[in-house]
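Chemist: could you look at this predicted model? Sequence included:
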Amino acid sequence: MSSIEQPSILNNNGAIVTIGIRVNTDRCAIVMPFVTDDVVLDELTFCNDLVITAQTHILTSLTAVMSVQSYVSFIAAEGMIDGRIPYRVDYAPTDHPGLLTGPPVPSQVSGLVIWYEDPRDVVAGHKLRVAKNFIPGLPSANVTGNIIDSALVDTLQALADNSQNGYETNAGSGKWYRCLAAPRPRTPGTSCKRTTGQLGRDVVYTQKRRLIPRD
């Protein structure tokens, strides 16, 4: 677990990326809020840059823990405030399939990565908050009981570490950092809470209502 001290960034420079995944015939989604210190991006290029960055960096970790019977179906991004042009890329089943052989575990069963709220941002008298992402599509051959294969856990840990430490933007003038959550309401000028102390869990988890209805 390697954590940097993320810079303090406003939601004006934040966007939410959604990564669609198909597990057999079930549709799932991973939603992650990011903020950037890249000053080159504007309203037209902002969300586009996050989608391309996610495609370049995050898909490598995701497909490395997914069954070949699963695939990434799209990546989309929208700004944390109004006025950002959203962006989306759709993929064919053969574009970004899982890389591991064998059928996946049931769609509601997944790996888990977590990020803890940076103690610098914890409001006095409030509990430290935790951000979570459930990772579907794990191959059943790599799960024994409820224990995930150590190689997959290492990849989940790398996803947690790299997202917290930041991915270089596609524009190349800054980084995208995984923050705790998108502030609500969408009021411009709101500070985004930072993350630290991230972990990839070594057991499987489930989440109710995570599945989108079948086609």
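Modeler: Here it is on my side, so go on.
Chemist: mind giving me the packing neighbours of the helix or strand of the chain with the lowest mean pLDDT?
Modeler: One helix or strand of the chain scores below all others by mean pLDDT, DSSP states H and E: strand 205-206, with a mean of 83. Strand 205-206 makes packing contacts with strand 109-117 when contacts are defined by 3 or more C-beta pairs under 8 Å, 6 or more residues apart in numbering; DSSP states H and E. C-beta coordinates here come from the backbone N, C-alpha and C atoms, glycine included.
Chemist: can you say which helix or strand has the residue nearest to residue 9 when sequence neighbours are not counted in it?
Modeler: With C-beta to C-beta, 6 or more residues apart in numbering as the criterion, residue 9 has its nearest non-adjacent residue at 4.1 Å, and that residue is residue 35. Secondary structure assignment for residue 35, by DSSP states H and E: strand 26-36.
Chemist: show me the contacts for residue 189.
Modeler: Residues near residue 189 by C-beta atoms under 8 Å, 6 or more residues apart in numbering: 10, 11, 12.
Chemist: do residue 191 as well
Modeler: Shown in contact with residue 191 (C-beta under 8 Å, 6+ apart): 8, 9, 10, 11, 121, 183.
Chemist: got a winner among the contacts of residue 189 for most neighbours?
Modeler: Taking other C-beta atoms under 10 Å as the neighbour criterion, residue 11 ranks highest of those with 22 neighbours.
Chemist: what's the distance between the nearest residue to that one once chain neighbours are set aside and residue 127?
Modeler: Nearest residue to residue 11, sequence neighbours excluded (C-beta to C-beta, 6+ apart): residue 80, at 4.2 Å. Using C-beta to C-beta, to the nearest Å, residue 80 is found at 23 Å from residue 127.
Chemist: higher neighbour count, those two?
Modeler: Comparing residue 80 with residue 127 by neighbour count (other C-beta under 10 Å), the higher total belongs to residue 80, at 25 against 8.
Chemist: in JSON lines, list the contacts of residue 191 along with pLDDT.
Modeler: Below are the contacts of residue 191 laid out as JSON lines (pLDDT from 0 to 100):
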{"residue": "8", "pLDDT": "96"}
{"residue": "9", "pLDDT": "97"}
{"residue": "10", "pLDDT": "97"}
{"residue": "11", "pLDDT": "97"}
{"residue": "121", "pLDDT": "95"}
{"residue": "183", "pLDDT": "96"}
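Chemist: quick check, nearest of those to residue 157?
Modeler: residue 121 (22.9 Å; C-beta to C-beta).
Chemist: residue 193 is in contact with the closest one, correct?
Modeler: Yes. The criterion here is C-beta atoms under 8 Å, and residue 121 meets it with residue 193 at 4.4 Å.
Chemist: ok, residue 138 - how many residues close by?
Modeler: Using other C-beta under 10 Å, residue 138 is surrounded by 26 other residues.
Chemist: can you give me every residue that contacts it?
Modeler: Applying C-beta under 8 Å, 6+ apart to residue 138 gives the contacts 65, 66, 67, 104, 105, 109, 110, 111, 148, 152, 204.
Chemist: can you rerun that using 6 Å?
Modeler: Each residue near residue 138 by C-beta atoms under 6 Å, 6 or more residues apart in numbering is listed here: 105, 111.
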